[in-house]
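Colleague: sequence-free structure coming up:
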């Protein structure tokens, strides 16, 4: 008797995301794209909330996170295809070095928003507080073993991504001077890249009083309030 091939089980969430993405691709095919390219823990979730309130179609984050290995190889083809599914994107892989260059070339006339903190120290402290909460197991900051045992996307992904993204020591994934340098270098490279294109890049600290007004002016939308919503505060 011929053995039947084992069927691949497809989760309902995957099917739903695929359907939504294909439908959104039609809706946004001729609309301008906006990319938040600030590092995680610089107000990116708050900006995402605001863009949803402005009726922008926002990319499905989990789909983007699954493209991490593409980014590691600097192969942006699937990342660019993913960008065709929405108008606004933030966090992985748009908060990674080099991504902003690839998507800028793939989607001319897009807008880019670099979210920042008061300084690198503030960003570092926010990052370790947040990671302690989700992966720390009581440790501040989390240890290498904490990240290896953390189950996000798959077990150990937080450790693998940290090593690949920030080039931190294998036994000290939150080495302060390395992460401070990562933050400062990342932001500097973006500013240098866009230095002759002030209309394409907005640099904002969401805590600053005039940040919301500058955001509205940048995107040409009506200012109906004074401040951004605040999400995932740490």
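Modeller: Received, thanks. All of these numbers come straight from a predicted model, not from anything done at the bench.
Colleague: Name every strand pairing with the helix or strand hosting residue 203 and say which way it goes.
Modeller: Element membership for residue 203, per DSSP states H and E: strand 201-204. The strands that strand 201-204 pairs with in its sheet are strand 111-115 (parallel) (by DSSP bridges).
Colleague: which helices and strands sit right next to the following helix or strand past the strand it pairs with?
Modeller: Per DSSP H and E, the first helix or strand lying C-terminal to strand 111-115 is helix 120-135. Contacts defined by 3 or more C-beta pairs under 8 Å, 6 or more residues apart in numbering; DSSP states H and E place helix 120-135 against helix 176-193. In short, each C-beta sits where N, CA and C put it, glycine included.
Colleague: Show me what counts as buried in the helix it packs on.
Modeller: Buried residues in helix 176-193, counting neighbours by 16 or more other C-beta atoms under 10 Å, are found at 179, 182, 183, 186, 187, 190.
Colleague: same deal with stretch 68-80?
Modeller: Using 16+ other C-beta under 10 Å as the test for burial, stretch 68-80 gives 68, 70, 71, 76, 79.
Colleague: picking that back up, just after the strand holding residue 203, pick out the following helix or strand.
Modeller: helix 211-219.
Colleague: can you give me how far that following helix is from the chain middle?
Modeller: Distance of helix 211-219 from its chain centroid, counting by C-alpha atoms, centre = their mean, to the nearest Å, is 20 Å.
Colleague: So which bits of that helix are buried?
Modeller: Across helix 211-219, burial judged by 16+ other C-beta under 10 Å covers 211, 212, 215, 216, 218.
Colleague: what's the angle from that helix to strand 111-115?
Modeller: If you take axes from the mean of the first three to the mean of the last three C-alpha atoms, to 10 degrees, helix 211-219 sits at 160 degrees to strand 111-115.
Colleague: on contacts alone, who are the packing partners of helix 211-219?
Modeller: Applying 3+ C-beta pairs under 8 Å, 6+ apart, one finds that helix 211-219 makes contact with strand 111-115, strand 201-204.
Colleague: Let's see that with 10 Å instead.
Modeller: Applying 3 or more C-beta pairs under 10 Å, 6 or more residues apart in numbering; DSSP states H and E, one finds that helix 211-219 contacts helix 44-53, strand 111-115, strand 201-204.
Colleague: Following the chain onward from the helix or strand where residue 71 lies, which element is next?
Modeller: In this assignment (DSSP H and E), residue 71 forms part of helix 68-72. Counting by DSSP H and E, the element after helix 68-72 in chain order, helix or strand, is helix 77-82.
Colleague: And for that following helix, what's in contact with it?
Modeller: Applying C-beta atoms under 10 Å, 6 or more residues apart in numbering, the contact partners of helix 77-82 are 21, 25, 59-60, 63-64, 66-71, 76, 89, 92-94, 96, 99, 102-103, 105-107.
Colleague: Check what pLDDT the residue positioned nearest the centre of the chain gets.
Modeller: Nearest to the geometric centre of the chain sits residue 91, at 0.7 Å (C-alpha atoms, centre = their mean). Reading off the confidence values, residue 91 has pLDDT 98.
Colleague: List the residues that contact it.
Modeller: Contacts of residue 91 by C-beta under 10 Å, 6+ apart are 36-41, 44-45, 47-48, 59, 61, 64-65.
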